[in-house]
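sequence and computational prediction follow.
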Amino acid sequence: MSQDHIVKMKCTETGEISYVTRKNKKQNPDALELMKYNPKIRKHTKYKETKK
């Protein structure tokens with residue numbers, strides 16, 4: 001069985017949630033931080049994992 005959980009990604013600049021991804025919480029217990037494209041401001045920004 002897969003241990004993946006769905007997590008929401010929130011932009012650090014605009015504060016909006018525009019991405020959803022999966023992660024294994026046993027292998028990666030700390031919060032995700034990814035550079036993703038923000039279509040609203042048309043540039044790459046840092047996205048952090050949010051709590052549900």
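Sure thing, it's come through.

so who does Asn39 touch?
One thing to correct before we go on: residue 39 is Pro, not Asn. Each residue near Pro39 by C-beta atoms under 8 Å, 6 or more residues apart in numbering is listed here: Ser18. All C-beta atoms are positioned from the backbone trio N, CA, C, and that covers glycine.

what separation do you get for the nearest residue to Gln3 once chain neighbours are set aside and Val7?
Distances taken as C-beta to C-beta, 6 or more residues apart in numbering put Asn24 closest to Gln3, at 5.0 Å, once the chain neighbours are dropped. Going from Asn24 to Val7 by C-beta to C-beta, to the nearest Å gives 11 Å.

got it, and Tyr37?
In this view, Tyr37 and Val7 are 18 Å apart by C-beta to C-beta.

between these two, who's got more neighbours?
Comparing Tyr37 with Val7 by neighbour count (other C-beta atoms under 10 Å), the higher total belongs to Val7, at 20 against 12.
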